[in-house]
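> Generate coordinates for the sequence data below:
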Amino acid sequence: MRNKASNFLIPAINLLYVEGATSVFTIAENISYTIELSSGGNTAALQLGMDFLGQNTLPDYSTIDPDTYESLAAEAVEQIMDADPDVLILSSYVFCNLIMKGMYENNYIPKAIINTGPCIVEINSNYTKYMIITGTQWHREANGFGYSENGLQRYQHFPFDEDQTSPEKFYEEYEKRFGRAPIDHDPLHYGMGLVLQNAIEGAGSVDDIEGIKQLLDNTNIETAVGGVSFDPVGRNVGSTLILFQNNAESVRKIISPLASANAEFVYPMPTWDERIEDIKFLKYESEMIVLIITSVAIFIVLIYLVLNIICRNVQAIRVSQPIFLGIFLIGSILFLSSNYFWLLYETNVSCLMRRWTLTIGFTMMFGSLFSRIYRIKSIFKVKVDDPVITLQQLLMIVGILIGIDVVLLTLWTIVSPSTYEKVIPDPDRPILNYRICTNTLTDDVFFYIIIGEKVITILYGIYLSIQTWSLKFKIFNESKYIAFSIYNCLFFFLLSAVTYMIEDREISMYIRCFVVVAVNIICTSTIMLPKLFFALSGLEISWGNKLSSSLTGSKKMVSRGNKGNTTSSAKEAYRVRYLEERLNRYESKFGPLSSGTSSSSSVSSISSEDTTSSTY
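Numbering: from 1, shown residues only. Okay, the predicted model is just below:
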């Protein structure tokens, strides 16, 4: 009733050929049964055109000293690694475990291993994972009809016949009658009884020996162990063998026949390293590259921050309000630090800090810039009765913007705490597992509220830039620089949207890092480099002269304005007051601009009566 041993490996070789395997190497112990097993597999591989890379025939374990087992297994492992086959056939009784251990210690594994049945692997269950087990003709779950794949071999396995041939039916009835589950030989014996019963019934009498023998020779029936038909020497060649593969828990699962399969065939089998989950910080070189690039960018911004503090009394820095430049640069550092929390390794803390650093950093950067433009606009574009915006009021504006973010982020954290979830791309390869921050509908709501707030901030900043674009005092007018920063900011943010369409996590991380670094370096450099250039190049007198010239021109316009347009005169009066204040502070630090005479006093003779008569 059992299929002949040389057929045992044919289904496995056929399946592997279909999956793309191209080469075979065999380990066989010098025992008649294992030799027949391996020769059948070798022949099947050659018939399919696969490369047969050789066979290592080990001695019969019962005829040699057990102390030589390990050395013989080590030699076999070396041969296997040198051959590097797609498929390794293990047909041995005692050497399998030693060979598997040797391959594990050398961190080597072929794409598939066929365990022919006698192979005993017990010490480490990890050795048995993903092995193909063959040589079995019966399993309670192996129900279903045959299939044909790529024109190879047609399998007809266990068609449903509720009286005799259903394995599940047989299993249930056997367990009910004998009080235990059947083992492999039990259905074989039952199948033999069905074959004999079929022959006797066909002959019509138990006395018709010749008739029974002839019917047995011509048997072709289905049983609970598959088809039964005999070759000329009486071996069953009609049954289909069941292929198993041990899964990640070393549990046998049916992979063939396909109609009976209860698991997907895993090919190639995972390497030893792929079977171990390895989620950790800085696992990939790309993460270190991102950290280095981000740290260099932060260092550059820190240099700007230190120079801003050192040069805070220099005119080019002072007119831009060092405190706001400091807020701007600290915000940039926070913005850049979000890269530290946006690597491939995710934790609950990184998911939380990413929200806060991006949001607060952005607000500190652009909120401080736009507040300064607002003050310039209030000085040069105000109506007569509008009050002058003070430094404290500007700080309050920035504080309010940051406060709104803090409230939104606090609510977001309370309502939807930042957590990560594990993603398992391939259950058989835990090495590929990774974490991502969870994203719920609540997260989306808060995200779009904050994005909307930032869009409104940017749009208002663009409006302020346009309003102050035409100011001729370049030392005050940064609208062009800020407009350039906004343009680059929007461009790179649109570029970052590409990351959501890229499946490769490393490439997505690189693009995200580039966007964050580019936005911050371009914006900070655009704002700071011109100021530092003038602050460190000794061009202060030039700016002072321009201020003096502007002040003189403004006072003349005030004087003319009293004779004509009162509104125009009042506007110029504001400018006079501001420029006088800036010029006086300038001269108090650097001395008179020319001839040892204060410029403010030199212009005071210009229609002082008319000037003082204007309403400030």
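> mind showing which ranges of the stretch 301-450 of the chain have poor pLDDT?
Along the stretch 301-450 of the chain, segments meeting pLDDT under 70 span 375-389.
> what's the span of stretch 275-285, first residue to last?
Terminal residues of stretch 275-285 lie 21 Å apart, using Cα to Cα, to the nearest Å.
> which stretch of helix or strand covers Tyr448?
Secondary structure assigned from DSSP states H and E places Tyr448 in helix 441-467.
> Off-centre distance for that helix?
28 Å (Cα atoms, centre = their mean, to the nearest Å).
> I'd like to know which elements that helix is packed against.
Helix 441-467 makes packing contacts with helix 348-380, helix 391-415, helix 479-496 when contacts are defined by 3 or more Cβ pairs under 8 Å, 6 or more residues apart in numbering; DSSP states H and E. Placement of C-beta: from N, CA and C, glycine included.
> deepest of those helices, which one?
Highest mean neighbour count among the helices and strands packed on helix 441-467 (mean count of other Cβ atoms under 10 Å): helix 348-380, with a mean of 21.
> on contacts alone, who are the packing partners of that one?
If contacts are counted by 3+ Cβ pairs under 8 Å, 6+ apart, helix 348-380 sits against helix 322-337, helix 391-415, strand 420-423, strand 434-437, helix 441-467, helix 479-496, helix 505-536, helix 566-590.
> before we move on, the earlier item: how big is the angle separating the helix holding Tyr448 from helix 348-380?
20 degrees (axes from the mean of the first three to the mean of the last three Cα atoms, to 10 degrees).
> May I see the buried residues of helix 441-467?
For helix 441-467, a neighbour-count test (16 or more other Cβ atoms under 10 Å) marks 443, 446, 450, 453-454, 457-458, 461-462, 464-465, 467 as buried.
> Equivalent analysis for stretch 74-82, please.
Buried, per 16+ other Cβ under 10 Å, within stretch 74-82: 74, 76-77, 80.
> Give me the mean pLDDT for it.
Mean pLDDT, computed over stretch 74-82, is 95.
> what's the spacing between Ser332 and Pro530?
To Pro530, Ser332 is 17 Å away according to Cβ to Cβ, to the nearest Å.
> and if you look at Gly403?
From Gly403 to Pro530 the distance is 31 Å (Cβ to Cβ).
> Could you do Pro270 as well?
58 Å.
> Also Ile511?
30 Å.
> and if you look at Arg429?
Arg429 sits 54 Å away from Pro530, taking Cβ to Cβ as the criterion.
> Quick test: name the residue nearest the centre of the chain.
Arg505 (3.5 Å; Cα atoms, centre = their mean).
> hang on, isn't it packed against Tyr345?
No. Arg505 is not in contact with Tyr345 according to Cβ atoms under 8 Å; the separation is 10.8 Å.
> How many neighbouring residues does Cys311 have?
19 (other Cβ atoms under 10 Å).
> wait, isn't it in contact with Phe533?
No. Look at Cys311 against Phe533 with Cβ under 8 Å: they stay out of range, at 11.0 Å.
> can you pull out the helices in the stretch 51-200 of the chain?
Applying DSSP state H, counting those that start in this stretch to the stretch 51-200 of the chain gives helices spanning 69-83, 96-105, 125-128, 167-178, 185-203.
> which one of these has the most crowded surroundings?
The stretch of these with the highest mean neighbour count (mean count of other Cβ under 10 Å) is helix 96-105, at a mean of 20.
> Measure how that helix sits relative to helix 69-83, angle-wise.
Helix 96-105 runs at 50 degrees relative to helix 69-83, counting by the same axes, to 10 degrees.
> tell me which strands and helices helix 96-105 is in contact with?
Counting contacts by 3+ Cβ pairs under 8 Å, 6+ apart, helix 96-105 packs against helix 69-83, helix 125-128.
> so who does Leu98 touch?
For Leu98, the contacting residues are 69-70, 73-74, by Cβ atoms under 8 Å, 6 or more residues apart in numbering.
> Spit out the contact partners of Leu243.
Contacts for Leu243 (Cβ under 8 Å, 6+ apart) come out as 11-12, 15, 132-134, 254-256.
> 6 Å - rerun?
Under the criterion of Cβ atoms under 6 Å, 6 or more residues apart in numbering, the neighbours of Leu243 are 11-12, 134, 255-256.
> swap in Lys111?
86, 268.
> And it, how close does it get to Thr22?
10 Å.
> which neighbours do the two share?
In terms of Cβ under 6 Å, 6+ apart, Lys111 and Thr22 are both contacted by the residues Asp86.
> what's the neighbour count on the closest residue to Ile242 other than its chain neighbours?
In space, and not counting its chain neighbours, Ile242 is closest to Thr136: 4.7 Å by Cβ to Cβ, 6 or more residues apart in numbering. Number of residues near Thr136 (other Cβ under 10 Å) recorded here: 18.
> Give me the pLDDT value at Thr136.
pLDDT, Thr136: 74.
> Could you number the chain from 51 rather than 1 from now on?
Renumbered: residue one is now 51, and that last one reads Thr186.
> Was I right to think it contacts Ile304?
No. Checked against Cβ atoms under 6 Å, the pair Thr186 and Ile304 is beyond contact range at 9.5 Å.
> can you pull the contacts of Tyr395?
Taking Cβ under 6 Å, 6+ apart, we find Tyr395 in contact with Phe331.
> end to end, how far does stretch 313-322 reach?
21 Å.
> Tell me which of Arg479 and Pro580 has more neighbours.
Neighbour count, other Cβ under 10 Å: between Arg479 and Pro580, Arg479 has more, with 19 against 16.
> And for the nearest residue to that one once chain neighbours are set aside, the neighbour number?
Leaving aside its sequence neighbours, Arg479 sits nearest to Glu324 (Cβ to Cβ, 6+ apart; 4.3 Å). Around Glu324 there are 17 other residues, counting by other Cβ under 10 Å.
> Mind checking what secondary structure His76 has?
Careful, residue 76 is Thr and not His. strand (DSSP: H, G, I helix; E, B strand; the rest coil).
> which residues pair with it across the strands?
Gln105, Ile139 (DSSP bridges).
> Average pLDDT for stretch 309-321, rounded please.
Confidence for stretch 309-321, expressed as mean pLDDT, is 89.
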